[in-house]
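Enquirer: generate a structure from the sequence data that follows.
(one chain, ligands or ions: 2)
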Amino acid sequence: MENLTKKRENYISWDEYFMGIAILSSKRSKDPNTQVGACIVKDNKIIGMGYNGLPRGCSDDSFPWDKEGDFLNTKYPFIVHAELNAILNSIKSDLKGSKIYVGLFPCNECAKAIIQSGIKEIFYLSDKYRDSDIFKASKLMLDNANVTYTQLPPMKDIVLQIDPDYI
Ligand SMILES: O=c1ccn([C@H]2C[C@H](O)[C@@H](COP(=O)(O)O)O2)c(=O)[nH]1
Ligand SMILES: [Zn+2]
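Expert: Numbers count the residues shown, from 1 in each chain. Ligands and ions are numbered 1, 2, ... in the order given. So this is what the prediction gives:
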């Protein structure tokens, strides 16, 4: 028994794995200010992923990316949020009892979609808009619908580096 090779010990946890995938998905976002990725999981299997971006078929170069100005000259009316994209892209129609990993705490519209789709647990990293009414409304609905939300610790030490020897 003593001479047997032992398993690796510094492997990442399930939470780190799924949040890592959510963050990797966010790297596809064209939003210059906030990139959000989401990953839906059931029985430790990924069943949906998404990031914030324009609806399919809308050109990334034909719509504004501004934060301020006339509403129609900003990105806000046009972007599909990461969580909604993950729900809409899901390979399963039944998301009941699933979990969602998302880089940013969900807004009120995403909270509605999460509740309606049957997702029961949210894991998030950033809560940078916690003082805004939109995100307060989100928490009110999630609490009332018994959807739990847990902030995961920052994962600064997960770096995706491909070892040249790997190839
Ligand atoms: O629940 C959410 C909330 C926001 N997003 C996206 C929408 C926008 O692309 C950015 C936020 O942009 P700011 O410049 O930080 O206002 O995040 C999302 O995907 N999900
Ligand atoms: Zn949202």
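
Enquirer: ok, Pro64 - contacts?
Expert: Residues near Pro64 by CB atoms under 8 Å, 6 or more residues apart in numbering: 73-75, 78. Where you see a C-beta, it was placed from the backbone N, CA and C, and this is true even at glycine.

Enquirer: residues from the protein in reach of ligand 1?
Expert: Applying CB under 6 Å from any ligand atom, we find that the chain lies next to ligand 1 at 31, 33-34, 36, 52, 67, 75, 79, 81-83, 104, 106-107, 110.

Enquirer: apply 5 Å and report the result again.
Expert: By CB under 5 Å from any ligand atom, the residues of the chain that approach ligand 1 are 31, 33-34, 36, 52, 67, 79, 81-82, 106-107, 110.

Enquirer: and those residues, which of them are in helices?
Expert: Members of those lying in helices (criterion: DSSP state H): 82, 110.

Enquirer: quick check on the residues of the chain next to ligand 1: which are buried?
Expert: Buried members of the residues of the chain next to ligand 1, counted by 16 or more other CB atoms under 10 Å: 31, 34, 36, 52, 79, 81-82, 106-107, 110.

Enquirer: on that earlier part again, need the residues of the chain next to ligand 1 in JSON lines with distance to Pro153 and pLDDT, can you?
Expert: Listed next are the residues of the chain next to ligand 1 as JSON lines, based on distance: CB to CB, whole Å; pLDDT from 0 to 100:
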{"residue": "Asp31", "distance to Pro153": "24", "pLDDT": "98"}
{"residue": "Asn33", "distance to Pro153": "24", "pLDDT": "97"}
{"residue": "Thr34", "distance to Pro153": "20", "pLDDT": "98"}
{"residue": "Val36", "distance to Pro153": "18", "pLDDT": "98"}
{"residue": "Asn52", "distance to Pro153": "23", "pLDDT": "98"}
{"residue": "Lys67", "distance to Pro153": "28", "pLDDT": "98"}
{"residue": "Ile79", "distance to Pro153": "28", "pLDDT": "98"}
{"residue": "His81", "distance to Pro153": "24", "pLDDT": "98"}
{"residue": "Ala82", "distance to Pro153": "20", "pLDDT": "98"}
{"residue": "Pro106", "distance to Pro153": "19", "pLDDT": "98"}
{"residue": "Cys107", "distance to Pro153": "23", "pLDDT": "98"}
{"residue": "Cys110", "distance to Pro153": "22", "pLDDT": "98"}
